[in-house]
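Trainee: below is the structure, and that's it, no one-letter string:
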């Protein structure tokens, strides 16, 4: 009996095989974790990253190219996830710093974190209310950091359509969040 190759496992994964997924996870999880810890420096965040990467692999399994290196594919997803992690962290820190410097509000770090988290959750809930196409475009732009040109190519639509959909999404979010406190208005001005 011929030994199975990684390409065989990728082929099975593409068809939805849980055992192929488990095998590939067991082969790569430690290397991926070490890679993530090297950048993130926080073991818990690195563990979450590994899980997030493999969730994406599973969700996009039907798009796998069996002829290309699974290792390269996995580490590309990891790199992009790490970049998103730092982008979100920078947004949060910029938000908190702006609050401290410009509002004169004296609140504890815990209160700031709670306020920020509540706004983030509220925003995510509002994003879920967007029309499906608008939601996809908004997420690709704001959460994945893709340019309007990249989104247009990916979705096979015009750049102008992408721009219009993002403008409509931001307008909706501003209207919904703007009815709240000063902190919500600052959140909108910093991140939209």
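Mentor: Good, I have the coordinates. What you see is a predicted model; the values in this text were computed from it and never measured. Numbers count the residues shown, from 1 in each chain.

Trainee: only C-alpha atoms from now on, for both contacts and neighbour counts.
Mentor: Fine.

Trainee: shouldn't residue 32 be in contact with residue 52?
Mentor: No: counting by C-alpha atoms under 8 Å, residue 32 does not reach residue 52; the two are 11.3 Å apart.

Trainee: the more surrounded of these two?
Mentor: The neighbour count for residue 32 versus residue 52, taken as other C-alpha atoms under 10 Å, is higher for residue 32 (22 against 15).

Trainee: so how far is residue 72 from that one?
Mentor: Distance, residue 32 to residue 72, by C-alpha to C-alpha, to the nearest Å: 11 Å.

Trainee: ditto for residue 66
Mentor: Applying C-alpha to C-alpha, the value for residue 66 to residue 72 is 12 Å.

Trainee: looking at the two, which has the bigger crowd around it?
Mentor: Legend: neighbour count by other C-alpha under 10 Å for residue 66 and residue 72, higher for residue 66 (16 against 10).

Trainee: make sure the more buried one is actually in contact with residue 11.
Mentor: Yes: taking contacts as C-alpha under 8 Å, residue 66 lies within contact range of residue 11: 6.2 Å.

Trainee: report the residue ranges of every domain in the chain.
Mentor: Using automatic domain parsing, the domain parsing of the chain gives 1-91, 103-192.

Trainee: need phi/psi at residue 5.
Mentor: phi -100, psi 170 (degrees, to the nearest 10).

Trainee: distance of it from residue 20?
Mentor: Applying C-alpha to C-alpha to residue 5 and residue 20 gives a distance of 11 Å.

Trainee: ok, the two, which is more surrounded?
Mentor: Set side by side, residue 5 and residue 20 show more neighbours around residue 20, with 19 against 9, by other C-alpha under 10 Å.

Trainee: who are the contact partners of that one?
Mentor: 9, 10, 12, 13 (C-alpha atoms under 8 Å, 6 or more residues apart in numbering).

Trainee: which of these fall in helices?
Mentor: Secondary structure assignment by DSSP state H places 9, 10, 12, 13 of those in helices.

Trainee: between those, which is closest to residue 135?
Mentor: Of all the ones in helices among the contacts of residue 20, residue 13 has the smallest distance to residue 135: 28.2 Å, by C-alpha to C-alpha.
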